[in-house]
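Trainee: Sequence first, then the predicted structure:
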Amino acid sequence: MPESAVYVMEKMAHGFRRMGRDAGAGFYDYDDDGTRALWSGLKTFERRARSMPDEDVRDRLLFIQALEALRCFEEGVITSTEDADAASVAGWGFPAATGGPLAFVKRMGTDWFAARAAELAERYGDRFALPTGSADRLV
């Protein structure tokens, strides 16, 4: 879990005593009738707005999923690119027009994908770095 997420969870539980739904207060406020609304105190965690090109937003959403699929492929968690693509599209809604995350990598070309992943890693962190060797096996 990223350090920033740990900070938020610790602050919510120990700083604000918001232990979750069972305790009646967490990220949401719960009314007696069961309706919920985001807790206004979450504004504490807001970050400064950061301008980002539309292409980066799109690519960050697609690439993080494709990179994770590549990591799973590299680790042997998945062995069939076709099954992984079908499961991604049907299971969590990866854009069907791409064919799935691994088909997306193939269609874009591994050289282009690797270069773009390197750009994203430089701008937004190592989570966008290409796993070694996995893209080469997809060609």
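Mentor: Here it is on my side, so go on.
Trainee: How is the chain divided into domains?
Mentor: 3-45, 54-138 (automatic domain parsing).
Trainee: Could you save those as JSON lines and add columns showing mean neighbour count and mean pLDDT?
Mentor: In this view, the C-beta of every residue, glycine as well, is placed from N, C-alpha and C. Converted to JSON lines, the domains of the chain look like this (neighbours: other Cβ atoms under 10 Å; pLDDT from 0 to 100):
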{"stretch": "domain 3-45", "mean neighbour count": "12", "mean pLDDT": "89"}
{"stretch": "domain 54-138", "mean neighbour count": "16", "mean pLDDT": "91"}
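Trainee: secondary structure class for the most centrally placed residue in the chain?
Mentor: Centroid-nearest residue in the chain: I64, 5.7 Å away (criterion: Cα atoms, centre = their mean). Following DSSP: H, G, I helix; E, B strand; the rest coil, we place I64 in the helix state.
Trainee: any idea where the helices of this protein begin and end?
Mentor: Ranges of helices in the chain, per DSSP state H, are 3-10, 54-74, 81-92, 101-108, 110-124.
Trainee: name the helices or strands packed onto the third one?
Mentor: Read that as helix 81-92. The contact analysis (3 or more Cβ pairs under 8 Å, 6 or more residues apart in numbering; DSSP states H and E) places helix 81-92 against helix 54-74, helix 101-108.
Trainee: can you do 6 Å?
Mentor: Under the contact definition 3 or more Cβ pairs under 6 Å, 6 or more residues apart in numbering; DSSP states H and E, helix 81-92 sits against helix 101-108.
Trainee: what residues does the helix it packs on touch?
Mentor: Applying Cβ atoms under 6 Å, 6 or more residues apart in numbering, the external contacts of helix 101-108 come out as Q65, A66, A69, T81, A84, D85, S88, F94, T98, F113, L138.
Trainee: cool, and stretch 56-64?
Mentor: Contacts with stretch 56-64, where a contact means Cβ under 6 Å, 6+ apart, come from L120, F128.
Trainee: how distant is that stretch from the center of its chain?
Mentor: On the basis of Cα atoms, centre = their mean, to the nearest Å, stretch 56-64 sits 9 Å off its chain's mean C-alpha point.
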